[in-house]
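Q: Got a predicted structure here, sequence first:
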Amino acid sequence: MELSEAIQKRRSIRGFSPKPVPEELLLQLVKAGALAPSASNLQAWQFFLLTDPELVRKVELFSPGLSGKPPVLIAVCSDMNYALEHGSPNSEAYGCIMDASMAAENIMLKAVELGLGTCAIKSYNPDAVKKLLKLPGYYRMELLISVGFPEDSPRPRRLRPLDEILHRNAWEEEP
């Protein structure tokens, strides 16, 4: 699959088949995430594969943005001790969030190539999810990604026209 095709096909999936996702596919997703660019090559990210159905359902209880009963969740976290030790205060404030976002996009594009669906989720209770995952206090939850085989095709996306979002060199007031 060409990258352009993966970008066009990538959608937020909110309905998943109960079919399990093979471990080798999940490892490919995490490897794709780890290949993402990282501010100052910090790579403070940590990836958690949540494959236990009971744990996934518990996380779902604290995640209003999560829907579709995905068989797998990927929690993308940042090790803030590592970030401060190997980076700068700027890494903590912005770099880790940017890195996690780029890793998540790699994961979601790789998922398209593998025939999987995903949805990035930021609407969750981070303290509750950290507790469920038994994360150390210095790990920061960045986002969750639901993963599974899509049950249905999502409806077509509405995209804003380029002339509404593209600017050249500087802002100009409309006449």
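A: Arrived safely.

Q: Leaving out chain neighbours, which residue sits closest to residue 122?
A: What sits nearest to residue 122 in space, not counting adjacent residues and going by CB to CB, 6 or more residues apart in numbering, is residue 143, at 5.3 Å. All C-beta spots, glycine's among them, are computed from the backbone N, C-alpha and C.

Q: is it true that the one you found touches residue 100?
A: Yes - the pair residue 143 / residue 100 is scored as a contact, 6.3 Å apart, by CB atoms under 8 Å.

Q: Which neighbours do those two have in common?
A: Shared contacts of residue 143 and residue 100 (CB atoms under 8 Å, 6 or more residues apart in numbering): residue 76.

Q: so what secondary structure elements neighbour the lengthiest strand in the chain?
A: The single longest strand within the chain, with elements called by DSSP state E, is strand 139-148. For strand 139-148, the packing partners by 3 or more CB pairs under 8 Å, 6 or more residues apart in numbering; DSSP states H and E come out as strand 72-79, helix 96-113, strand 117-121, helix 126-132.

Q: would JSON lines of these with distance to residue 42, mean neighbour count and mean pLDDT be doable?
A: Shown next, in JSON lines, are the helices and strands packed on strand 139-148 (distance: least, CB to CB, whole Å; neighbours: other CB atoms under 10 Å; pLDDT from 0 to 100):
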{"stretch": "strand 72-79", "distance to residue 42": "9", "mean neighbour count": "24", "mean pLDDT": "98"}
{"stretch": "helix 96-113", "distance to residue 42": "7", "mean neighbour count": "21", "mean pLDDT": "97"}
{"stretch": "strand 117-121", "distance to residue 42": "21", "mean neighbour count": "22", "mean pLDDT": "97"}
{"stretch": "helix 126-132", "distance to residue 42": "21", "mean neighbour count": "16", "mean pLDDT": "97"}
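
Q: Cool, thanks, talk later.
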